[in-house]
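Peer 1: Quick one, structure for this:
(one chain, ligands or ions: 1)
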Amino acid sequence: MVLRDTFARPLRNLRLSVTDRCNLRCEYCMPEDDYVWLPREDVLHFEETSALVDVFLSLGVDKVRLTGGEPLLRRDVPALVRMLSAKQGLKDLALTTNGVLLADQIDALKAAGLGRITVSLDTLRPDRFRTLTRFDQLEAVHAGIASAHRVYGTLKLDTVVIRGVNDDELVDLIEYGRTVNGEVRFIEYMDVGGASRWSPDRVVSRREMLEVLTRRYGPIAPIVPGTNVSSAPAKQFSLSDGTVFGIIASTTEPFCRSCDRSRLTADGMWYLCLYATRGLDLRAPLRQGASVDALKDLVSGGWAARDDRGAEARLALGPQRAFVPVQDLLRKDPHLEMHTRGG
Ligand code: SF4
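Peer 2: Next comes the predicted model:
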């Protein structure tokens, strides 16, 4: 039986953050030098994460994406991948990374059973990369992308588009994507936790992106999704030569009504929405020896009561600043940061 929330959305897609640490400081996610980090002793061991994933799988989850922070900063992520990929019922095991450490780990990740890779790439210009992330690591990212191309044949490239920062690189990124068989996905800038420099005029809408790309490539056709991917956040489009790209219009055209994703932080807090300010603690009951059935009850009760539609609520408020009630709270509770709950 499929577990459904108050809007009949199924529990299906789990984003699993394995660390809140990152080796970049992107201005839309972690603009500060330092943060309040999760206490080390609270971070779940892989065996604990695996046990919680079993609970989710038994309730209908069949897609898991490893995230961070930067997930490859966590020691021996391939060991976790090996545990997860062996599980019955898991149809899709993916990883989102900034790519800096990917080249060194790609073979181990593939051997462990990782199915797919997404690399975040916001600019192709070294000077801009340095300004945007505060680290001189674009070459390492390129090496990571090349390694994913070599090992997987294909990958996705995620770009957060910010007006005045990288909105003049849409065409360049599509062209780059072709060289590595990468499907580029442009993401509208969102004002979720951590995006403390967000303002409405810095958002480039899907409509604007399509206008820019149409001017360069001519007519662009939307791709009608298959029946099984209705919850995918990216709307896909095709250029006349068949090149496919996606746009995730989280800010101007939210997709909450079909959202089947939830997020488990590295310390076992479960969040039902990217905008949620409160999560459900699964670590405490797990460490106190709760039975599998008790954990299943907790998760199914949480999902059945879910009424989150964060991005839609944000849109309904109009373009004023400071929707996210978390801006004042970020320093008090690291869970409210996007890098803690996996973007
Ligand atoms: S804002 Fe919340 S409900 Fe809407 S798509 Fe994002 S995670 Fe899902």
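Peer 1: Centre of the chain to the helix ranked longest in the chain, how far?
Peer 2: Ordering each helix of the chain by length in residues (DSSP state H) puts helix 138-152 first. Taking C-alpha atoms, centre = their mean, to the nearest Å, the mean C-alpha location of helix 138-152 is offset from the chain mean by 19 Å.
Peer 1: contacts for it?
Peer 2: 97-103, 106-107, 110, 116-117, 119, 121, 123-126, 129-130, 155, 157, 180-182 (C-beta atoms under 8 Å, 6 or more residues apart in numbering). In short, each C-beta sits where N, CA and C put it, glycine included.
Peer 1: Please flag which of these sit within strands.
Peer 2: Counting by DSSP state E, the part of the contacts of helix 138-152 found in strands is 97, 116, 117, 119, 155, 157, 182.
Peer 1: Which among those count as buried?
Peer 2: Buried subset of the ones in strands among the contacts of helix 138-152 (neighbour count, 16 or more other C-beta atoms under 10 Å): 97, 117, 119, 155, 157, 182.
Peer 1: what's across from the last one in the sheet?
Peer 2: The one in question is residue 182. Beta-bridge partners for residue 182, by DSSP bridges, are residue 155.
Peer 1: Correct me if wrong: it contacts residue 154.
Peer 2: Yes: contact criterion C-beta atoms under 8 Å: residue 182 and residue 154 qualify, at 7.1 Å.
Peer 1: Counting by contacts, list what the lowest-mean-pLDDT helix or strand in the chain packs against.
Peer 2: Every helix and strand of the chain was ranked by mean pLDDT, DSSP states H and E. The lowest is helix 338-341, at a mean of 73. Packing contacts for helix 338-341, counted by 3 or more C-beta pairs under 8 Å, 6 or more residues apart in numbering; DSSP states H and E, involve strand 13-17.
Peer 1: those strands in the protein, which residues are they?
Peer 2: For the chain, strands defined by DSSP E occupy the ranges 13-17, 63-67, 92-97, 116-120, 155-161, 182-188, 221-222, 235-238, 244-248, 261-264, 269-271, 280-281.
Peer 1: Let's have these in JSON lines, adding mean pLDDT and distance to the ligand.
Peer 2: Formatted as JSON lines, those follow (pLDDT from 0 to 100; distance: least, C-beta to the nearest ligand atom, whole Å):
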{"stretch": "strand 13-17", "mean pLDDT": "97", "distance to the ligand": "9"}
{"stretch": "strand 63-67", "mean pLDDT": "97", "distance to the ligand": "13"}
{"stretch": "strand 92-97", "mean pLDDT": "98", "distance to the ligand": "15"}
{"stretch": "strand 116-120", "mean pLDDT": "98", "distance to the ligand": "17"}
{"stretch": "strand 155-161", "mean pLDDT": "97", "distance to the ligand": "15"}
{"stretch": "strand 182-188", "mean pLDDT": "97", "distance to the ligand": "12"}
{"stretch": "strand 221-222", "mean pLDDT": "94", "distance to the ligand": "19"}
{"stretch": "strand 235-238", "mean pLDDT": "96", "distance to the ligand": "13"}
{"stretch": "strand 244-248", "mean pLDDT": "97", "distance to the ligand": "10"}
{"stretch": "strand 261-264", "mean pLDDT": "96", "distance to the ligand": "6"}
{"stretch": "strand 269-271", "mean pLDDT": "97", "distance to the ligand": "8"}
{"stretch": "strand 280-281", "mean pLDDT": "97", "distance to the ligand": "15"}
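Peer 1: wait, which of the ones you listed is closest to residue 49?
Peer 2: Ranking the strands of the chain by proximity to residue 49 (C-beta to C-beta) places strand 13-17 first, at 6.8 Å.
Peer 1: helices or strands next to the closest one in the packing?
Peer 2: For strand 13-17, the packing partners by 3+ C-beta pairs under 8 Å, 6+ apart come out as helix 46-58, strand 63-67, strand 261-264, helix 338-341.
Peer 1: The same query, at a cut-off of 6 Å, please.
Peer 2: strand 63-67, strand 261-264 (3 or more C-beta pairs under 6 Å, 6 or more residues apart in numbering; DSSP states H and E).
Peer 1: That one pairs with which strands, parallel or anti?
Peer 2: Paired with strand 13-17 in the same sheet, following DSSP bridges, are strand 63-67 (parallel), strand 261-264 (parallel).
Peer 1: looking at the ones you listed, which is buried most?
Peer 2: Sort the strands paired with strand 13-17 by mean neighbour count, taking mean count of other C-beta atoms under 10 Å, and strand 261-264 sits at the top with a mean of 24.
Peer 1: where does the stretch 151-300 of the chain come near the ligand, residue by residue?
Peer 2: Within the stretch 151-300 of the chain, the positions adjacent to the ligand are 254, 255, 256, 259, 261, 273, 274, 275 by C-beta under 6 Å from any ligand atom.
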